[in-house]
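J.: quick check, what structure comes out for this input:
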Amino acid sequence: MQDIIFIDGGSLPTPEGITRKWVETVAESRDEDEKLFSMIREAFRRKIDVGVHVPTYPQFRDMIGQFLGIIKDEKNCYEPYVLKEENAKILELEIIDEVAEQYREETGETLEVRVCLAGPTDLYLQAFGATGYVDAYHVLALDIEDFIKQAFTAAKNFKIKVIALDEPSLGINDKIQFSDADIVSALTVASAYARKQGADMEIHLHSPLKYKLVCETPINVIGFEYAATPSYLSLLDKKVLENSNTFIRLGVSRTDISSLIGIVNETYGVNAWKEKEYMQKIVTDLETPEVIKKRLETAYPVLGDRIKYASPDCGLAFWPDQELAFKLLENTAKGINEFNAEKKKQKE
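T.: Numbers count the residues shown, from 1 in each chain. Down below sits the predicted model:
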């Protein structure tokens, strides 16, 4: 059996005293590169230190806005929404390259990285709403392909192991006006280049309702939020995954922070938003390595070696602070590593 690989969703809370708005402003103006770059590098180092096997570049900006802002800027395009490939850059990848270089000097190994982008469907819904302009949908898919091409160019000191499209609306938003064939076509355009480069191509869905549709595209990893909704497991047919050679990225630690705090409040009769010390209960009582390992033990008999990656359900942008977020990542690493170790022992 292959070890299950720990990846993370990407986003984190900003450090104390820094807002997401500030990050968005200076990422665009480039007025405070030193402060911005050191914040992103420090967060990336910490992801590695707490045990993320394949870390995602730290995301402190709105996922859709980060990409749509570049696409909507006329100076970046040949014509409206038609991006010039050289302008399809993810600034964070250039920033983390220095950390990857240090990592190679220290360990002698090349760091593997996950790159997350907004998917064409969610980009489209933000840009155009519910009306279905298939041509515009296709153009956005081509823009995503340009961002992916530029990501591989930026990867000088690291290897891109996974490219992920964030498409939470697929399977949840009933306002999507495109046919299944249109969706398959857009996802195929957006994902073909990464597969040609030998990277795994992931799609992050909140629910796996549309997973059979994804199996018709070059995307070979489907990620969904299993930790918060274990019943999603029953929607998947292992045979369908095997026949299309599709793997799963399983969400094994919960990230729905409001619900978790609600459980703490109810259990201890407190308001953890005010009595902040009770926030720790999330990582000491609820989302522990043992609980995370147990989720893998439940899912593995159903999906077996189709589970290639495990991670928190989603990003951690709206968690109360970085310390709590990194503690969840650390617990997730321990749970996955313990599961891998036990599986290995059973094999012997």
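J.: drop to CA atoms for contacts and neighbour counts, all remaining ones
T.: OK.
J.: with adjacent residues omitted, what lies nearest to Ala333?
T.: Distances taken as CA to CA, 6 or more residues apart in numbering put Gly51 closest to Ala333, at 5.5 Å, once the chain neighbours are dropped.
J.: confirm that that neighbour sits in a helix.
T.: No - according to DSSP: H, G, I helix; E, B strand; the rest coil, Gly51 belongs to no helix; its state is coil.
J.: count of neighbours near it?
T.: By the measure other CA atoms under 10 Å, the count of residues near Gly51 is 19.
J.: one more: Tyr268?
T.: Neighbours of Tyr268 using other CA under 10 Å come to 11.
J.: near Ile292, how many other residues are there?
T.: 27.
J.: please apply the same query to Val189.
T.: 21.
J.: and the strands in this structure, which stretches?
T.: With strands called from DSSP state E, the chain shows them at 5-6, 77-79, 82-83, 111-118, 158-166, 200-204, 221-224, 247-253, 307-312.
J.: could you measure from the nearest residue to Asn271 once chain neighbours are set aside over to Phe318?
T.: In space, not counting the residues next to it along the chain, Asn271 is nearest to Asn265; the distance is 5.4 Å by CA to CA, 6+ apart. Relative to Phe318, Asn265 is positioned 18 Å away (CA to CA, to the nearest Å).
J.: next: Ala192.
T.: Using CA to CA, one obtains 32 Å as the distance from Ala192 to Phe318.
J.: what of Thr14?
T.: In terms of CA to CA, Thr14 sits 9 Å off from Phe318.
J.: who has more neighbours, the two?
T.: More crowded of Thr14 and Phe318, by other CA under 10 Å: Thr14, with 24 against 16.
J.: separation between that one and Asp182?
T.: Computed as CA to CA, the Thr14 to Asp182 distance reads 37 Å.
J.: surely Ala228 touches Asp256?
T.: Yes - here Ala228 reaches Asp256: they are 7.5 Å apart, a contact under CA atoms under 8 Å.
J.: what about the helices in the stretch 101-250 of the chain?
T.: Taking DSSP state H, counting those that start in this stretch as the criterion, the stretch 101-250 of the chain carries its helices at 120-128, 134-154, 180-196, 211-214, 238-243.
J.: Lys35: neighbour count?
T.: 11.
J.: for Ala299, what are its contacts?
T.: Leu233 (CA atoms under 8 Å, 6 or more residues apart in numbering).
J.: now it: how far from Asp49?
T.: Distance of Ala299 to Asp49, computed by CA to CA: 27 Å.
J.: next: Ile282.
T.: With distances taken as CA to CA, Ile282 is found 21 Å from Asp49.
J.: who's more crowded, the two?
T.: Counted by other CA under 10 Å, Ile282 and Asp49 do not tie: Ile282 has more neighbours, with 19 against 12.
J.: apart from its chain neighbours, what residue comes closest to the more buried one?
T.: Leu260 (6.6 Å).
J.: correct me, but that neighbour touches Val283?
T.: No - using CA under 8 Å, Leu260 makes no contact with Val283, being 10.0 Å away.
J.: count the neighbours of Ile261 for me.
T.: 20.
J.: roughly how far does it sit from Glu277?
T.: 12 Å.
J.: do the same with Cys215
T.: According to CA to CA, Cys215 stands 44 Å off from Glu277.
J.: which of the two has more neighbours?
T.: Set side by side, Cys215 and Glu277 show more neighbours around Cys215, with 21 against 9, by other CA under 10 Å.
J.: looking at the more buried one now. What's its pLDDT?
T.: As predicted, Cys215 sits at a pLDDT of 94.
J.: going forward can the numbers begin at 13, since that is how I track them
T.: Sure, I'll start numbering at 13, so the last one becomes Cys227.
J.: check contacts around it.
T.: Counting by CA under 8 Å, 6+ apart, Cys227 has contacts Val252, Leu253, Ser256, Thr258.
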